[in-house]
Structure formats: structure tokens, C-alpha cells
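Colleague: Next come a sequence and a model predicted from it.
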Amino acid sequence: MVAQVWRVLAGVVHLGDVAFEADDCGHAEGSVVGGAAGKRSLHAAAGLWGLPPARLLSLLTTRTIEAGNGGNGAKRPTSVH
């Protein structure tokens, strides 16, 4: 149990080193992880939490809006602003 708490805490500390930048792909909104150090920290956090790095990135940069009873959610990129 204690080891799991340390893994969660270590992942949060790694996420503190991740910087997000505006997505330059022409989208009105969106963000990406900036810099090699940020990408390494994202990978470290994902590894500690047992997630693929792409999934963690998606969770951090996409928001889902759901309305009604169990309807399909609308996914939108999250901006850095």
C-alpha cells in the first residue's frame, strides 16, 4: 500500500515537469507537450502509473463533455490558455 502511494506521488512530481504548448497544427484549440524533458517526464509518469504514454497524453490534453443519460461524450482538445 505504501509503495503504491509513493508511485502515485512520484508520478505527480514528474507531471510537474511537463510543460504544455499550443498545438501548431492549425487547430483553434489544442496543446502538446513541449520539449524533450517534458516528454521524458510524461513517459516516466505513465510508466509509474502503468499507462501507455499516448493514453496519459490524451487524458491530459482532451476534455470530454457528456450530457443526458449515458450519451456519447463530445471530445475536444484542451487549450493552454
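Modeller: That came through, no problem.
Colleague: Going by neighbour count, list what's buried in the helix or strand harbouring residue 43.
Modeller: Residue 43 is part of helix 36-49 when elements are defined by DSSP states H and E. By 16 or more other Cβ atoms under 10 Å, the buried positions in helix 36-49 come out as 38, 41, 42, 43, 44, 45, 46, 48, 49. Any C-beta I mention is one placed from the backbone N, CA and C, and that applies to glycine too.
Colleague: Now do that helix: everything it contacts.
Modeller: Contact partners of helix 36-49, identified using Cβ atoms under 8 Å, 6 or more residues apart in numbering, comprise 7-8, 10-12, 14-20, 33, 52-53, 55-57.
Colleague: Among these, name the buried ones.
Modeller: By 16+ other Cβ under 10 Å, these give 11, 14, 15, 18, 20, 33, 56, 57 as buried.
Colleague: Mind checking what secondary structure the residue most central in space within the chain has?
Modeller: In the chain, the residue lying closest to the centroid (Cα atoms, centre = their mean) is residue 60, at 2.4 Å. For residue 60, the assignment made with DSSP: H, G, I helix; E, B strand; the rest coil gives helix.
Colleague: And it, how close does it get to residue 51?
Modeller: Residue 60 sits 11 Å away from residue 51, taking Cβ to Cβ, to the nearest Å as the criterion.
Colleague: again, but for residue 9
Modeller: Residue 9 is 16 Å from residue 51, by Cβ to Cβ.
Colleague: who has more neighbours, the two?
Modeller: The neighbour count for residue 9 versus residue 51, taken as other Cβ atoms under 10 Å, is higher for residue 51 (15 against 11).
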